[in-house]
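> next one to model:
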Amino acid sequence: MAINEKDAEGLGGLRRRLQSALPPMKNREPRRDLWPLMRQRLEASPRFAFPSGVPWFDWALLGFAGGALAFFPRLIPALLYHL
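Model prediction:
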């Protein structure tokens, strides 16, 4: 598949416009190492957690699922099928 001259010229013009809109970066390296900050965030406990360390929305989801199964017991086989 060959590119004709008109398409090649259009792509070159597009490349020039993009390069003029986005000048080259001076510093390509980050100012500091981001991995230690990420590890701290991953190892930190959730902000809204009970003393057990489980977030409140996990407890809410568990309560909702338990209530749904108590009120609609026919959901149990469907749930077991999808597990």
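> after the particular helix or strand that has residue 16 in it comes which helix or strand?
For residue 16, the host element (DSSP states H and E) is helix 5-21. Tracing the chain C-terminally past helix 5-21 and defining elements by DSSP H and E, one meets helix 35-43 next.
> in that next one, what counts as buried?
Going by neighbour count (16 or more other Cβ atoms under 10 Å), nothing in helix 35-43 comes out as buried. Heads up, the C-betas are built off the backbone N, CA and C, glycines and all.
> what is it packed up against?
Using 3 or more Cβ pairs under 8 Å, 6 or more residues apart in numbering; DSSP states H and E as the contact test, no helix or strand touches helix 35-43.
> just the C-alphas of the host helix or strand of residue 59, formatted as CSV.
Element membership of residue 59 [criterion: DSSP H and E] is helix 56-71. C-alpha atoms of helix 56-71 as CSV (Å, rounded to 0.1, in the frame of the first residue of the first chain):
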residue,chain,number,x,y,z
TRP,A,56,-17.0,0.6,55.5
PHE,A,57,-18.3,0.1,52.0
ASP,A,58,-17.2,-3.5,52.0
TRP,A,59,-19.3,-4.0,55.2
ALA,A,60,-22.2,-2.2,53.5
LEU,A,61,-22.0,-4.4,50.4
LEU,A,62,-21.9,-7.5,52.6
GLY,A,63,-25.0,-6.3,54.5
PHE,A,64,-26.8,-5.5,51.3
ALA,A,65,-26.0,-8.9,49.9
GLY,A,66,-27.1,-10.7,53.1
GLY,A,67,-30.3,-8.8,53.2
ALA,A,68,-31.0,-9.5,49.5
LEU,A,69,-30.4,-13.2,50.1
ALA,A,70,-32.7,-13.2,53.3
PHE,A,71,-35.5,-11.5,51.4
